[in-house]
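Undergrad: Can you look at this prediction? I've put the sequence above it.
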Amino acid sequence: MKCRIRKWELSDARDLAVALSNKKVQDNLRDGLPYPYTEQDGRDFISAMLSADENETFAFAITVDSIAIGSIGIFRQGNIHRRTAELGYYIAEEYWGKGIMTEAVRQICEYVFRKSDIIRIFAEPFAYNIASCRVLEKAGFQYEGTLRSNALKNGKAIDMKMYSKIKELS
């Protein structure tokens, strides 16, 4: 199954609401997303991403057959970390395990390294999310260590893993 990343369109709001109104998807994301997730929530998010500074926020829809099935973004950090950025992503459950996310991660990293001065992209998946860790490894990220009791999710202190990909400087 072939995927493509592209800029968000307001018409993606319905597909976004479907993907995020799934507890299994939200259990692997940071807190703060409404549940259930509505089309209006999707429009608000898409509007924010479209108006964000394009040198700070690299936000895309993940699409299959022109349908938005998920979201992927890289967010520049500040101060001494200004050439470092954090990666975040998710796709609808029905698309899990098909290699789509690995391809989307490869596409966005290549784009950001080519279009910006960012030299390090990192991700911090929950340690229990083996599939997300595997996505990062297959996309060329290096495991750097476990951040013990680094998050509180669903009432439990949980570990996170740190992965990074460094721009090849030549």
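TA: Structure received.
Undergrad: Tell me who's in contact with the nearest residue to Y35 once chain neighbours are set aside.
TA: Distances taken as Cβ to Cβ, 6 or more residues apart in numbering place Q26 nearest to Y35, at 6.0 Å, with adjacent residues excluded. The C-beta positions use only the backbone N, C-alpha and C, and glycine is treated the same way. Neighbouring residues of Q26 by Cβ atoms under 8 Å, 6 or more residues apart in numbering: 20, 33, 35.
Undergrad: which stretches of the protein form helices?
TA: Per DSSP state H, the chain carries helices over the ranges 13-20, 23-26, 39-51, 100-115, 130-138.
Undergrad: lowest-pLDDT helix or strand in the protein?
TA: Ranked by mean pLDDT, DSSP states H and E, the weakest helix or strand in the chain is helix 23-26, scoring a mean of 91.
Undergrad: centre of the chain versus that one, how much separation?
TA: Remark: helix 23-26 is offset 14 Å from the chain centroid, using Cα atoms, centre = their mean, to the nearest Å.
Undergrad: Convert the C-alpha atoms of that helix to PDB, please.
TA: Output of helix 23-26 as PDB, limited to C-alpha atoms (Å, rounded to 0.1, in the frame of the first residue of the first chain):
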ATOM      1  CA  LYS A  23      -9.400   4.900  22.000                       C
ATOM      2  CA  LYS A  24      -6.600   2.500  20.700                       C
ATOM      3  CA  VAL A  25      -5.100   5.400  18.600                       C
ATOM      4  CA  GLN A  26      -5.400   7.900  21.400                       C
END
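Undergrad: leaving aside the residues next to it on the chain, what's closest to S116?
TA: Spatial nearest neighbour of S116, excluding adjacent residues (Cβ to Cβ, 6+ apart): N55 at 6.4 Å.
Undergrad: Look up how far E39 lies from that neighbour.
TA: In this view, N55 and E39 are 29 Å apart by Cβ to Cβ, to the nearest Å.
Undergrad: can you pull up the bridge partners for the residue nearest the centre of the chain?
TA: With distances taken as Cα atoms, centre = their mean, the chain has Y89 as the residue nearest its mean C-alpha position (1.9 Å). On the basis of DSSP bridges, Y89 is bridged to I72.
Undergrad: Provide a list of residues in contact with it.
TA: In this structure, Y89 makes contact with 62, 70-73, 101, 104-105, judged by Cβ under 8 Å, 6+ apart.
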